[in-house]
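1. build me a model:
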Amino acid sequence: MRASVIKLKLLYCGAIIIPVILGLATRAYGERLPQFVSSHFGDALWAGMIYFGFRALLTSQPKRISLVLGLCFCFGIEFSQLYQTEWITGIRATTLGSLILGRGFLWIDLVRYTAGILFCYMLDRLLQK
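-> Residues are numbered from 1 along each chain as shown. The predicted structure is shown next:
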């Protein structure tokens, strides 16, 4: 693997951390933030983290591949929330399970995920020029 690819992979891994920290901050300090921010940014940031995760894995592929895979992943997780059984509800009741799998299906989450991934995709394109 070329040094430039490794460097880019490390940058994307670092980029994963930023939305994680900001997303956790929106949960911890949501009451101090504007309502719009506390209501919508957490899901958008989570989706941005997913985009950067795909970029770290698929650095040599076009960015649009990560965009599409990120949207498919986020939408898949959201639609999986329509499946409600005791065992999966138990996992979703934990903090980590809730952060990863969510709790219940919301159409607005699809909009939030799309906005988060598109923002990160555009930022990625802007910074790579």
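2. contacts, neighbours, all on C-alpha from now
-> Fine.
3. neighbours of residue 2, how many?
-> Neighbours of residue 2 under the rule other CA atoms under 10 Å: 6.
4. swap that for residue 73, sorry
-> Quick note: residue 73 (other CA under 10 Å) scores 17 neighbours.
5. can you give me how far stretch 72-91 is from the chain middle?
-> With CA atoms, centre = their mean, to the nearest Å as the basis, stretch 72-91 stands 16 Å off its chain's centre.
6. any buried residues in it, and which?
-> 73-75, 78, 80-81, 89, 91 (16 or more other CA atoms under 10 Å).
7. how close does residue 64 sit to residue 26?
-> 28 Å (CA to CA, to the nearest Å).
8. quick one: which of the two has more around it?
-> Applying other CA under 10 Å to residue 64 and residue 26 shows that residue 26 carries more neighbours, namely 21 against 12.
9. just give the closest residue to that one, not the sequence neighbours.
-> Once flanking residues are discounted, residue 26 sits nearest to residue 38: 5.7 Å by CA to CA, 6 or more residues apart in numbering.
10. and the helix or strand hosting the one you found, which residues are buried?
-> Per DSSP states H and E, residue 38 falls inside helix 35-57. Going by neighbour count (16+ other CA under 10 Å), the buried part of helix 35-57 is 38, 40-56.
11. any idea which helix or strand comes after that helix?
-> In N-to-C order, the element after helix 35-57 by DSSP H and E is helix 63-80.
12. tell me which strands and helices that next one is in contact with?
-> Packed against helix 63-80 by the contact rule (3 or more CA pairs under 8 Å, 6 or more residues apart in numbering; DSSP states H and E) you find helix 35-57, helix 107-127.
13. fine, thanks again, bye for now.
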